[in-house]
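Novice: pasting the sequence and the predicted coordinates here, then a few questions.
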Amino acid sequence: MSPLRQRLHASVGGLPGVFWTLWWGLLVNRLATFVVAFLATYLVRERGFSPAEAGRIAALFGIGQALAGPVGGALADRVGRRPTMMGGLLLAAAATGALPFATAPALLALLSFLCGLLGALVQPAMSASVADVVPSPERARAFGLIYWAVNIGLTAGLLLAAALAERSFTALFLIDAGTSLAFALIVWARVPETRPRELAPEPVLRGFGRVLSDRTFMPFLVLQLLALMVFVQWQLGLPLDMTAHGFGPSAYALLMALNCAGVVLLQPLLGPVLAGRDPARLLAAQAALIGLGFGVNALGGSLWVYAVGTALWTVGEVVGFPTASALAAELAPAELRGRYQGTYGMAWGLALTLGPLAGGELYGRGGGRLLWLACLALALLVSAGHLLAGAARRARRPGGAGEAFGG
């Protein structure tokens, strides 16, 4: 086998067909994830809302997305991965398709919430399904490829949106609905139920009680939430700081393109290199790289500084995010995989809510320098926390307690 084929096989080979079906379905779906990006602009330009009114309605999307984690996780464990994915995708398509035809503010607010809730309902069920069919040693690589698909779809979707947004918001939302329908059809036609039949369903509240009382998982979740609060500063702190230094939207868009391209290029290269390494060290490296990536902005004023920072936190997300998803699967008992993935997914929603709040407060009090130094300090504390928690995680067998796992 040639070196190129060996590298390709190490990146994408040896994974089951069900995984690749889900991968392609997710890629199709992410080619048109437009509601989250264009909802606020649509409400202001097409419906005449003030920025504050549009912000309140758009915030309901984030609330729905945060609630989707525990709801989708409970459904995935109780009724199954397949029906949860299909139901969420079909209902999300209906809500998204109805959005451009709604005019009443109350209905727009409801549809915004439902788009966030139903669109994200698939994530914990899909992640649990990946954990069901992919052997433990390959899960980090599998979740890395999932993250790769998300970023390929996002990059292509941004190009599609650039061509359509000025012509028709209705077309954007209808295409978004169409890709959800396409993913639902793929699941219906090609994805069997993967939840092990021998597992007895755990009562919903008792199952979440077990998640919340897990003394290994919960510290991991808190540390990851703090890291994500630093990471999401690309949404608020970064554009604010760039504007303060005289850079416009085009410069910010260039950095976002650098991030997307970096993930697409690096994920298949780093995935095989990182396979089998200690998750605690990888997550510590993730936090440190994200902290350094935003911390270097304290030297801001130059586009090169922002570009170097973006490159650093891009490498951090490639190193750490697939590892975190795989670790959530490793720590979960098989009967609670959906709820563990859903709880981890909720951390993303909380970070998207708390990160801008904390970042805006710090920026308002001391400007970009205070925000970026605080990001660096918090991320380094998170990095140390992951290293300290590593022994407890290594003492957990995949899916339960017992023998060690990880390198």
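Specialist: Cool, got the structure.
Novice: check which residues of the one helix or strand Q224 maps to are buried.
Specialist: Here Q224 sits within helix 217-231, counting by DSSP states H and E. Within helix 217-231, the residues that count as buried by 16 or more other C-beta atoms under 10 Å are 217, 219-221, 223-231. Backbone N, C-alpha and C define where each C-beta goes, glycine included.
Novice: same check, this time on stretch 377-387
Specialist: L378, A379, L380, V382, S383, G385, H386.
Novice: now render the residues you listed as TSV, adding pLDDT.
Specialist: Compiled in TSV, those are given as follows (pLDDT from 0 to 100):
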residue	pLDDT
L378	97
A379	97
L380	98
V382	97
S383	97
G385	97
H386	96
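Novice: secondary structure added to these, as TSV?
Specialist: Output for these, formatted as TSV (DSSP: H, G, I helix; E, B strand; the rest coil):
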residue	secondary structure
L378	helix
A379	helix
L380	helix
V382	helix
S383	helix
G385	helix
H386	helix
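Novice: which one of these is nearest A307?
Specialist: Among those, A379 lies closest to A307 (C-beta to C-beta), at 19.1 Å.
Novice: which ones are touching the closest residue to that closest one other than its chain neighbours?
Specialist: Spatial nearest neighbour of A379, excluding adjacent residues (C-beta to C-beta, 6 or more residues apart in numbering): G291 at 2.4 Å. With contacts defined as C-beta atoms under 8 Å, 6 or more residues apart in numbering, the neighbours of G291 are V230, C375, L376, A377, L378, A379, L380, V382, S383.
Novice: wait, the last one touches I290, no?
Specialist: No - because the distance of 9.1 Å does not satisfy C-beta atoms under 8 Å, S383 is recorded as not touching I290.
Novice: quick one on the thing from earlier: switch the contacts of G291 over to TSV; also include distance to M126.
Specialist: Below are the contacts of G291 laid out as TSV (distance: C-beta to C-beta, whole Å):
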residue	distance to M126
V230	26
C375	31
L376	34
A377	35
L378	30
A379	28
L380	33
V382	27
S383	29
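Novice: of the residues you listed, which is the nearest to E193?
Specialist: V382 (37.0 Å).
Novice: my guess is the closest one contacts A287, does it?
Specialist: Yes - the criterion here is C-beta under 8 Å, and V382 meets it with A287 at 4.1 Å.
Novice: and the helix or strand encompassing L258, what does it pack onto?
Specialist: Applying DSSP H and E as the criterion places L258 in helix 249-274. Helix 249-274 is packed against helix 3-12, helix 139-164, helix 237-244, helix 303-331, with contacts defined by 3 or more C-beta pairs under 8 Å, 6 or more residues apart in numbering; DSSP states H and E.
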